[in-house]
Structures are given as C-alpha cells and as structure tokens.
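Engineer: Any chance you could fold what I've pasted below:
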Amino acid sequence: MLRFLYVIIVNLFRAPYIIPKMRKQAGHPEQYSEEQRYKLAKHVVRLLKASGKVHTEVYGTDLLPESGGYIMYPNHQGKYDALGIVYSHTNPCSLVMDKAKSNSFLVKEFVDLVQGKRLEKDNVRQALTIINEVAKEAAEGRKYILFPEGGYEFNNKNRVEAFKAGSFKSAVKAKVPIVPVAIIDSYKVFNSFYMGKVTTQVHYLKPLYYEDYKDLKTSEIAALVHERILQTIAAFAN
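Structural biologist: Numbers count the residues shown, from 1 in each chain. Got it, this is the predicted structure:
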C-alpha cells in the first residue's frame with residue numbers, strides 16, 4: 001500500500017499528460033486499435049515498475065497458444081498481479097475485475113484502456129452476463145485474465161485460496177484454452193508494507209485445451225488448475 005502511494009506521488013508530474021491520454025484512447029476505441037491501447041497500457045506498467053523498483057521475471061511464454069482466444073487463470077495476491085501479466089504478455093489481453101475495486105485513481109483508467117469487465121460480486125444476474133460476454137469474446141479471439149480466487153488477502157505471502165468453479169464457466173462455454181498462471185511475490189509490490197526492491201515472478205503453465213477438460217466438471221477443472229499453480233509456487237518461491 002505504501003509503495004502504491006509512493007509510485008502515484010512520484011508520477012504525479014506525468015498525470016496531466018498520461019491520464020487524459022488513457023481516457024481519450026479508452027473512450028474512442030473506433031479511433032485507437034486494441035494494439036494501440038495495449039501499447040499504452042504496457043507503457044504505464046513500465047513507468048510504475050521503474051518508479052516502484054519492481055523487477056518481474058517471466059517464464060513459459062512459449063507455452064501460450066499461438067492463435068485464438070484463451071483465458072488465463074492466475075492466483076491473486078494484489079494490485080500488481082494483472083500488471084505483471086500485461087507487462088509480460090505480448091498480445092493484447094483484457095481482464096475481469098471486482099467493480100468495487102475498479103474505480104480508484106489510475107485503476108479506472110487502466111481497466112477502461114484494456115476494455116476490462118467489472119464484476120459485481122453480489123449480483124448473480126450481472127455475473128452471468130459477464131460470464132457470457134467473456135465467453136463470446138474469447139471464442140472470437142480475445143485473451144482474458146480472470147482471477148478464480150475472487151479476491152486476495154493483504155500480505156498473503158504466496159498463499160493460494162480455493163478456486164471458484166464458476167470462474168471456469170466462460171472457458172468451458174467458449175471451448176477455449178485455459179492457461180494456468182502462477183504469480184509469486186506479487187503481494188510485496190502494492191499489498192504489503194515492504195518498501196525495498198522487489199522481484200516478482202509470472203509463470204505461464206501448460207494450457208488445458210478443450211479436449212483436455214471437456215469431460216470434467218468445472219469443480220474438477222478448478223482443482224486441477226489450483227494444484228498446478230500450487231506446485232509451481234512450491235518449486236519456485238523463496
């Protein structure tokens with residue numbers, strides 16, 4: 001939290017330029033392609049990383065599907081998780097985020113820039129709409145980040161909570177690859193009191209293609225993805 005405030009303060013002089021630019025591109029997708037908007041999003045992440053003294057190691061990008069849409073399912077540790085993935089993910093991707101946390105300074109602009117979905121956790125009907133929208137867009141070729149834990153604890157020290165089976169309905173409905181993503185030490189960036197240099201890790205794991213999971217229940221898919229992420233964290237976390 002302290003680092004987040006520090007990064008915002010350090011970059012305040014950029015705000016009169018970068019915030020309007022983010023809002024303009026987000027508000028006019030007919031003028032700015034998804035690639036242009038994603039390039040700006042990655043630029044913002046690089047600025048935050050540099051000023052926050054954050055280094056992110058990336059593994060497994062060669063495992064990502066070469067074409068078509070897919071949904072990435074990472075464990076959730078804090079505000080930096082999606083930024084670490086965007087930083088390391090070459091092709092444009094979007095995300096699903098808790099609406100209650102999506103409207104703070106800079107977060108709102110970032111979510112709008114990548115055309116993210118805002119999920120109302122206690123609104124079942126709205127959640128179903130989001131599931132269907134993500135499924136439709138993934139089937140059409142978009143890439144998404146979706147956090148199956150649904151939230152995170154402050155300073156969680158790489159703990160991983162149970163995955164919600166419903167999170168996987170979009171992938172099943174779209175019949176697209178499921179990409180497990182293991183996030184390590186990301187909580188140290190913006191969701192702890194640690195203020196030193198930080199090295200986080202993003203591990204893209206072997207995808208589950210539709211043929212791999214078509215006969216599984218969503219609860220079984222959730223357990224399988226959860227276990228693969230746990231194994232990676234156990235192997236690579238300090």
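Engineer: Excluding chain neighbours, give the residue nearest to residue 36 in space.
Structural biologist: Spatial nearest neighbour of residue 36, excluding adjacent residues (C-beta to C-beta, 6 or more residues apart in numbering): residue 25 at 6.7 Å. Where you see a C-beta, it was placed from the backbone N, CA and C, and this is true even at glycine.
Engineer: now the one you found: how far from residue 223?
Structural biologist: Distance of residue 25 to residue 223, computed by C-beta to C-beta, to the nearest Å: 40 Å.
Engineer: Residues contacting the worst-scoring helix or strand of the chain on mean pLDDT, please?
Structural biologist: Every helix and strand in the chain was compared by mean pLDDT, DSSP states H and E; the lowest is helix 2-10, with a mean of 86. Residues outside helix 2-10 that contact it (C-beta atoms under 8 Å, 6 or more residues apart in numbering) are 48, 51, 52, 79, 105, 106, 189, 190, 193, 194, 195.
Engineer: which of those lies closest to residue 177?
Structural biologist: residue 79 (26.4 Å; C-beta to C-beta).
Engineer: Would you verify that the closest one is located in a helix?
Structural biologist: No: counting by DSSP: H, G, I helix; E, B strand; the rest coil, residue 79 is not found in a helix; it is coil.
Engineer: So it is in contact with residue 188, correct?
Structural biologist: No: using C-beta atoms under 8 Å, residue 79 is not in contact with residue 188, being 11.4 Å away.
Engineer: residue contacts, the most centrally placed residue in the chain?
Structural biologist: For the chain, the residue nearest the mean C-alpha position is residue 82 (3.1 Å; C-alpha atoms, centre = their mean). Going by C-beta under 8 Å, 6+ apart, residue 82 touches 95, 97, 145.
Engineer: and residue 213, how many neighbours?
Structural biologist: 20 (other C-beta atoms under 10 Å).
Engineer: contacting residues around it?
Structural biologist: Contacts of residue 213 by C-beta under 8 Å, 6+ apart are 172, 178, 221, 224.
Engineer: can you tell me the helix or strand for residue 31?
Structural biologist: Per DSSP states H and E: residue 31 is located in neither a helix nor a strand.
Engineer: The residue lying closest to it once chain neighbours are set aside: neighbouring residues, count only.
Structural biologist: Of all residues not flanking residue 31 in the chain, residue 25 sits nearest, at 7.8 Å (C-beta to C-beta, 6+ apart). Residues contacting residue 25 under the criterion other C-beta under 10 Å number 21.
Engineer: Pull out the buried positions in stretch 152-163.
Structural biologist: 152, 156, 158, 160, 163 (16 or more other C-beta atoms under 10 Å).
Engineer: repeat for stretch 201-209
Structural biologist: Buried, per 16+ other C-beta under 10 Å, within stretch 201-209: 201, 202, 203, 204, 205, 207, 208.
Engineer: picking up where we left off before, and the residue nearest to residue 36, what is it in contact with?
Structural biologist: Here residue 25 is in contact with 31, 32, 36, 37, 40, 113 (C-beta under 8 Å, 6+ apart).
Engineer: just residue 181 next, same as before
Structural biologist: Residue 181 neighbours (C-beta under 8 Å, 6+ apart): 72, 73, 74, 75, 85, 145, 202, 203, 204, 205, 229.
Engineer: who's in contact with whichever helix or strand the second one is part of?
Structural biologist: When secondary structure is defined by DSSP H and E, residue 73 falls within strand 70-74. For strand 70-74, the surrounding residues in contact (C-beta under 8 Å, 6+ apart) are 64, 81, 85, 89, 93, 134, 138, 143-148, 163, 167-168, 170-171, 174, 176-183, 202, 204, 207, 225, 229.
Engineer: number of nearby residues for residue 211?
Structural biologist: By other C-beta under 10 Å, neighbour count at residue 211 equals 8.
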